[in-house]
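> just a sequence and a predicted model for now, questions to come.
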Amino acid sequence: MNKKRYVLVGTGGRAEFFYGAIASGFSETSELVAFCDVNQTRMDYANKLLQEKYNYNAVKTYHNTEFDRMIEIHRPDAVIVTSVDRTHHLYIIRAMELGCDVVTEKPMTIDEEKCQAILDATERTGRNVRVTFNYRYAPHHTKIREMIEDGIIGQVCSVHFEWLLDTQHGADYFRRWHRDKRNSGGLLVHKSTHHFDLVNFWIGSQPISVFAYGDLLFYGKENAEQRGVTHFYDRATGNPHAEKDPFALHLDQNEHLKSMYLDAEHEDGYLRDQSVFSDGISIEDTMGVIVQYNNKAVLTYSLNAYMPWEGYRIAFNGTKGRIEVEVIENSYVNSGGEKSDEGALKGKTIKVFPTFAAPYEVEVQEMHGGHGGGDPVLLNDIFGVPQEDRFKRAANHLDGARSILTGIAANRSIRTGLPVRIDDLIKFHN
């Protein structure tokens, strides 16, 4: 079997999920040949992990300005993009122009202009873009798709979706580059892309109109001042004001975070441990969204990033009944522990309430691994030998666009106070 050759761009917190998989479970079908990043220290650390943790050979490293040269030298089949969200489109488009397919971390990009540029480049080059929506592959999420597809509750008329990020995982977005909306598109793009994609996937429809409210009501210096906080700091590591702050992240107390970020910050000035109660935060922590779909279904969605527990509640209302879902997830800090802990299940219930029959609970056989057991299945779908999939969980550039466009439209609605039509943001190719 000929191995598919990969290069990876962006060796930060999400990268190991992909290169670790190639180096361990999928080394017979896939080969990693190069890293590309703005930070040499971080690439060197990734190579150290490849050698010491995965017993894999170190790969060549290239500065981001050498991207074209890397492609010319190594001729990869595909480029894995795990860089800062605002740069995804640059590498996705250039990779396709240089004859490569793309595997990109979500979100595919952060605004309508960059999204349109990716769609145009895909049409122009004929290359494939794969967006890694691992939540689709979680067994309980696939089961929801199956029940709806099989008509258990008839036609879905409305969905209520409430996602809770806790004060560990939720707070982490306000320490990192994500806190600047210019980098991430805010949580309605960076995080909610998962959730909006799931709704598209579950009900087999596409968003057409979005209205939203959102604000920064918990994190940020002004909010903390109003709650009586008087001691502030810019970064936690080595700062006495952060010693008793439960929101502080101390990079020098975690060897992985220290090696990946603290030891690397002299190159690019990136601070991974900023205070969640400092100035400079431009994303929301409290959001409510209403979406209408082309099958006339309506979604009401909320996302709050400072909750006492991590997880979500979903209700599907159909013409033959209702499905209620509650999932409690393991909380985590990105790169602060094992990858399998990210989004791992702590508990779940799925209940069906038929209109004219007794309610019942649905049992689902769970799998080990992050994101509710979806990660291993997704990785095999990308790097292994994919199996026939009735539910078509593999997501392409169109799926990636439809998921982010809900969040992009919501961001515009928050700014303007008006509903936003998806057709006013982008033009899909026939």
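That came in fine, so what should we check first?
> when you work out contacts or count neighbours from here on, use the C-alpha atoms and nothing else.
OK.
> got the buried residues for the helix or strand hosting Thr193?
Using DSSP states H and E, Thr193 sits in helix 192-203. Going by neighbour count (16 or more other Cα atoms under 10 Å), the buried part of helix 192-203 is 192-203.
> packing partners for that helix?
helix 139-149, helix 397-416 (3 or more Cα pairs under 8 Å, 6 or more residues apart in numbering; DSSP states H and E).
> tell me the mean pLDDT over the first one?
Pointing back at helix 139-149 there. Here helix 139-149 scores 96 as its mean pLDDT.
> which other helices and strands contact it?
Against helix 139-149 (3+ Cα pairs under 8 Å, 6+ apart) you get helix 192-203, helix 370-383.
> between those helices, which has the poorest average model confidence?
helix 370-383 (a mean of 87).
> what helices and strands are in contact with that helix?
helix 15-23, helix 139-149, strand 345-354.
> nearest to Ala264 among those would be which one?
helix 15-23 (15.6 Å; Cα to Cα).
> what residues does that closest one touch?
8, 30-32, 46, 50, 54-56, 82, 339, 379, 383 (Cα atoms under 8 Å, 6 or more residues apart in numbering).
> repeat that for stretch 124-132.
92, 96-97, 99-108, 122, 378, 394-397, 399-400.
> can you flag which of those belong to strands?
Counting by DSSP state E, these place 101-104, 395-396 in strands.
> so which of these wins on neighbours?
Thr104 (28 neighbours; other Cα atoms under 10 Å).
> list the contacts of that one.
With Cα under 8 Å, 6+ apart, Thr104 has these contacts: 80-82, 88, 92, 129-132.
> ok, now with 6 Å
80-81, 131 (Cα atoms under 6 Å, 6 or more residues apart in numbering).
> any idea of the pLDDT on it?
Reading off the model, Thr104 has pLDDT 98.
> which among the helices and strands packed on helix 370-383 is found nearest to Gln226?
Nearest of those (Cα to Cα): strand 345-354, 34.6 Å.
> relative to helix 139-149, how tilted is that closest one?
10 degrees (axes from the mean of the first three to the mean of the last three Cα atoms, to 10 degrees).
> which strands border strand 345-354, and is each parallel or antiparallel?
Next to strand 345-354 in the sheet, as set by DSSP bridges, lie strand 321-329 (antiparallel), strand 360-361 (antiparallel).
> most packed of these?
strand 321-329 (a mean of 20; mean count of other Cα atoms under 10 Å).
> tell me how far it lies from the chain's centre.
21 Å (Cα atoms, centre = their mean, to the nearest Å).
> from the ones in strands among the contacts of stretch 124-132, which two are the most distant?
Farthest pair in the ones in strands among the contacts of stretch 124-132, by Cα to Cα: Asp101 and Ala395, 13.7 Å.
> that older thread, mind putting the ones in strands among the contacts of stretch 124-132 into CSV with distance to Glu255?
Shown next, in CSV, are those (distance: Cα to Cα, whole Å):
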residue, distance to Glu255
Asp101, 34
Val102, 31
Val103, 29
Thr104, 27
Ala395, 35
Asn396, 36
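> between the residues you listed, which is nearest Asn183?
Within the ones in strands among the contacts of stretch 124-132, the smallest distance to Asn183 is 15.9 Å, found for Thr104 (Cα to Cα).
> per-residue pLDDT, the nearest residue to that closest one once chain neighbours are set aside?
The shortest distance from Thr104 to any residue other than its chain neighbours is 4.6 Å, reached at Val81 (Cα to Cα, 6 or more residues apart in numbering). Reported pLDDT at Val81 in the predicted model: 98.
> beta partners for Val81?
Val9, Thr104.
> next one: Ser158 from Ala297, what distance?
5 Å (Cα to Cα, to the nearest Å).
> re earlier: pipe the buried residues of helix 192-203 into JSON lines and attach distance to Tyr360 per row.
What follows is the buried residues of helix 192-203, written out as JSON lines (distance: Cα to Cα, whole Å):
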{"residue": "Ser192", "distance to Tyr360": "29"}
{"residue": "Thr193", "distance to Tyr360": "31"}
{"residue": "His194", "distance to Tyr360": "28"}
{"residue": "His195", "distance to Tyr360": "25"}
{"residue": "Phe196", "distance to Tyr360": "27"}
{"residue": "Asp197", "distance to Tyr360": "27"}
{"residue": "Leu198", "distance to Tyr360": "23"}
{"residue": "Val199", "distance to Tyr360": "23"}
{"residue": "Asn200", "distance to Tyr360": "25"}
{"residue": "Phe201", "distance to Tyr360": "24"}
{"residue": "Trp202", "distance to Tyr360": "20"}
{"residue": "Ile203", "distance to Tyr360": "21"}
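> having no further points to raise, I will conclude here.
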